[in-house]
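S.K.: need a structure here:
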Amino acid sequence: MSGSAGLTAAGPRTPGWPGYARGQFLLSWRVFWRNRRSTFIGFLLPVLLNLVVAAPLRGREIAGVGAAAYSTVGFIGFALVTSFINLLNGVVARRDDLVLKRLRGTEVPATAVFAGQFGAAGAVVLLQTVVLGGVSVIWFGAPAPADPLLFLVALTGGFLLFAVLAVALSGLTPGAEAAPMVATPVLLLCMFAGGVVAPVSSMPHWLQGPVHLVPLAPVVETLRTAWFGRAFGTESWTGPALAPADLLHGWQHAAPALLVIAAWTAGAAVLGRRFFRWEPRRG
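M.R.: As a prediction, the model looks like this:
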């Protein structure tokens, strides 16, 4: 009896940060799978594009690895861009529907709001990675990842980059109807200049340097280095096979690309702090 009275006097327990983040995660997860548009863009599009693009490349090689598997790992990186599109749409829609404003007025921490939403998007990316990785190994005959830790670091770093970029650009997006106009240039730039399907060396020489600084390019390069155990970045359709690299040399080669990813993430975070809004834009 006294224990019961003590509980009553203390008042109801609050879920705490993990509970709030879990609630936001479950909400975002349900909304994602119930929305056909977000399910198609955020989950099916990279898988379907990979099947269309990579299947005809079976039997060909790039830098000593199967071209179909090479392309499939590129589409794992492309999944980060489709995740960015859904996050951008989701943040802008929640802002315009005043969901973010109402959450801001509660005891739910801002970090828990975004941790839950990022967590749901990250879970979708992991699921896509399993699907695309399975296609690469089972259908296209790729080996298992040579350096799983480096692969996970590159995937996590790339996801955080595009997740923070989505929040930052949401502040520059007038409304939900304008979100596609903001997201599409990023999608096209990463698709055609990120080395998703073809080596960057296949582009005009004067573009190759700047293209390496496109947000997706260092992510895809590091994912391939980690998966195939070779120092990717200078490969070409007709060039020689790249020599295998041990774990140490793989990390050394990936270091500049990881620094570019970190720089992009830091820049997006600064942009987000400056422009992100909890309420709809006025005027």
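
S.K.: C-alpha from now on. contacts and neighbour counts both.
M.R.: OK.

S.K.: Not counting sequence-adjacent ones, nearest residue to the residue at minimal distance from the centre of the chain?
M.R.: By CA atoms, centre = their mean, the chain has its centre lying nearest to L80, at 2.5 Å. Closest residue to L80 apart from its sequence neighbours, by CA to CA, 6 or more residues apart in numbering: F159 at 5.7 Å.

S.K.: Sticking with that neighbour, tell me its helix or strand.
M.R.: Per DSSP states H and E: F159 is located in helix 148-170.

S.K.: Just name whatever secondary elements whichever helix or strand comes after that helix is in contact with.
M.R.: Next along the chain after helix 148-170, taking DSSP H and E as the criterion, comes helix 179-193. Where contact means 3 or more CA pairs under 8 Å, 6 or more residues apart in numbering; DSSP states H and E, helix 179-193 is packed against helix 67-96, helix 216-228.

S.K.: any idea how far V125 is from M203?
M.R.: Distance, V125 to M203, using CA to CA, to the nearest Å: 28 Å.

S.K.: one step back: report the contact partners of the residue nearest to the centre of the chain.
M.R.: By CA atoms under 8 Å, 6 or more residues apart in numbering, the contact set of L80 is V125, G158, F159, F162.

S.K.: Identify, from the residues you listed, the entry nearest to A54.
M.R.: V125 (19.3 Å; CA to CA).

S.K.: What's the separation between that closest one and R102?
M.R.: For V125 relative to R102 (CA to CA), the value is 28 Å.

S.K.: So which of those two has more stuff around it?
M.R.: Between V125 and R102, counted using other CA atoms under 10 Å, the more crowded position is V125 (24 against 13).

S.K.: And for whichever strand or helix holds V125, what's in contact with it?
M.R.: Assigned by DSSP H and E, V125 belongs to helix 110-134. Around helix 110-134, the neighbours that count as contacts under CA under 8 Å, 6+ apart are 17-18, 20-26, 28-29, 42-43, 47, 72-73, 75-76, 79-80, 83, 87, 104, 159, 163.

S.K.: List only buried entries from those.
M.R.: The neighbour count (16 or more other CA atoms under 10 Å) marks 17, 20-25, 28-29, 42-43, 47, 72-73, 75-76, 79-80, 83, 87, 159, 163 as buried among the contacts of helix 110-134.

S.K.: quick one: average confidence on the host helix or strand of G23?
M.R.: Element membership for G23, per DSSP H and E: helix 16-34. Rounded to a whole number, the mean pLDDT of helix 16-34 is 90.

S.K.: how about the helix or strand following it as CSV, C-alpha atoms only?
M.R.: Where DSSP H and E defines the elements, the next helix or strand beyond helix 16-34 is helix 36-39. Taking Å, rounded to 0.1, in the frame of the first residue of the first chain, the C-alpha atoms of helix 36-39 are listed here in CSV:
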residue,chain,number,x,y,z
ARG,A,36,3.5,4.2,-51.3
ARG,A,37,5.5,7.1,-52.7
SER,A,38,8.1,7.0,-49.9
THR,A,39,8.3,3.2,-50.1
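
S.K.: what residues does helix 36-39 touch?
M.R.: For helix 36-39, using CA under 8 Å, 6+ apart, the contacting residues are F32, W33, N86.
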